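Engineer: Quick one, fold the following:
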Amino acid sequence: MSPGTRRLLRPAWLLSHVLVVGLLVVTANLGFWQLHRLDARRTYNAVVAARADEPVVALAEAFGALKRGGTPEDLRHVRVVVSGTWAAGQVYLANRSMDGVPGVHVVSLLRIDGVQSGAGVGVVVDRGFVHRGLFLEGDSAAWAPATAGVELVGSLDVSRTGERGSGVEVDRIDLEALSERWGASLAPMWIRAAGDGPAGMPVAAPVVDLGAGSHFSYAVQWFVFTLIGLGGYPLVLVRLARRDPALA
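Structural biologist: Below is the predicted model:
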């Protein structure tokens, strides 16, 4: 065994080898993790696209699946129809954008007609997007809902807990927080409205971005880092082993 090779077996170098191997394992696993996320995203996109083509069902009929042991996630993006009357008061989802334009989403309470009361006294509806400048003008009449009864079509989505915000601006639809705010019993999921309101306001927000995201490019980057380490570190060790020990 050459002196250079023995030098690479010293404790400090052994620790370096272990750290590099561990780092390569991490980068490789991060690459596979991004590929798994890409597969999950594609599966999710397929579900959303399929449910967009399914017939619209009554809200009470959709929630019947929950009574049969289903979960809200099973109903996510299912298209439903419900009739009712808009209640007073609304909140706004802050920091939203559409086509690069900043704004808010208008979230209102629809009191469900009695024949559909099995779904809850009211259902929360994301009515769509309003430009931030228009919102700051404070004239809510521009996007006020109709006072008469309405029949609304939209897609179901799940609630997120842990609402944060200030006043009527919040960061998410938290059904528990909204139930307390409005003093109403709410359906177990909320609806993303499919159509524009009066005079085109609010503008219906898309369900989700069905793109593949950046998962594939991130996976490639992690695998490139892994290959660089696999090829580069041994070359460095070979050069160090060949160095004159007197120069070490």
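Engineer: longest strand anywhere in the chain?
Structural biologist: Identified as the longest strand of the chain according to DSSP state E is strand 79-98.
Engineer: Give me the next element, helix or strand, following it.
Structural biologist: strand 101-112 (DSSP states H and E).
Engineer: Assign residue 181 to helix, strand or coil.
Structural biologist: Three-state call for residue 181 (DSSP: H, G, I helix; E, B strand; the rest coil): helix.
Engineer: repeat for residue 223
Structural biologist: Classified using three-state DSSP, residue 223 is helix.
Engineer: Quick check: residue 202 touching residue 105?
Structural biologist: Yes: here residue 202 reaches residue 105: they are 7.3 Å apart, a contact under C-beta atoms under 8 Å. Every C-beta, even on glycine, is put in place using the N, C-alpha and C of the backbone.
Engineer: picking up where we left off before, what's the angle between the longest strand of the chain and strand 101-112?
Structural biologist: 150 degrees (axes from the mean of the first three to the mean of the last three C-alpha atoms, to 10 degrees).
Engineer: list residues touching both of residue 202 and residue 105?
Structural biologist: 127-130 (C-beta atoms under 8 Å, 6 or more residues apart in numbering).
Engineer: What is the nearest of these to residue 228?
Structural biologist: Nearest to residue 228, judged by C-beta to C-beta, of the shared contacts of residue 202 and residue 105 is residue 129 at 43.9 Å.
Engineer: thinking again about what came up before, more neighbours: residue 202 and residue 105, which one.
Structural biologist: residue 202 (27 against 23; other C-beta atoms under 10 Å).
Engineer: Show the pLDDT at that one.
Structural biologist: Residue 202 is assigned 87 on the pLDDT scale.
Engineer: In three-state terms, label the residue nearest to it when sequence neighbours are not counted for me.
Structural biologist: Distances taken as C-beta to C-beta, 6 or more residues apart in numbering place residue 128 nearest to residue 202, at 3.3 Å, with adjacent residues excluded. Here residue 128 is recorded as strand under three-state DSSP.
Engineer: was I right about residue 128 contacting residue 194?
Structural biologist: No: applying C-beta under 8 Å, one finds residue 128 not in contact with residue 194, separated by 9.3 Å.
Engineer: Quick check: neighbours shared by these two?
Structural biologist: With C-beta under 8 Å, 6+ apart as the test, residue 128 and residue 194 both reach residue 204.
Engineer: Kindly give the local confidence score, pLDDT, for residue 148.
Structural biologist: Confidence score, pLDDT, at residue 148: 73.
Engineer: Domains in this protein, by residue range?
Structural biologist: 3-43+212-247, 78-200 (automatic domain parsing).
Engineer: Mind listing the strands the longest strand of the chain pairs with, and their directions?
Structural biologist: With DSSP bridges as the test, strand 79-98 is paired with strand 57-58 (parallel), strand 101-112 (antiparallel), strand 150-157 (antiparallel), strand 169-170 (parallel).
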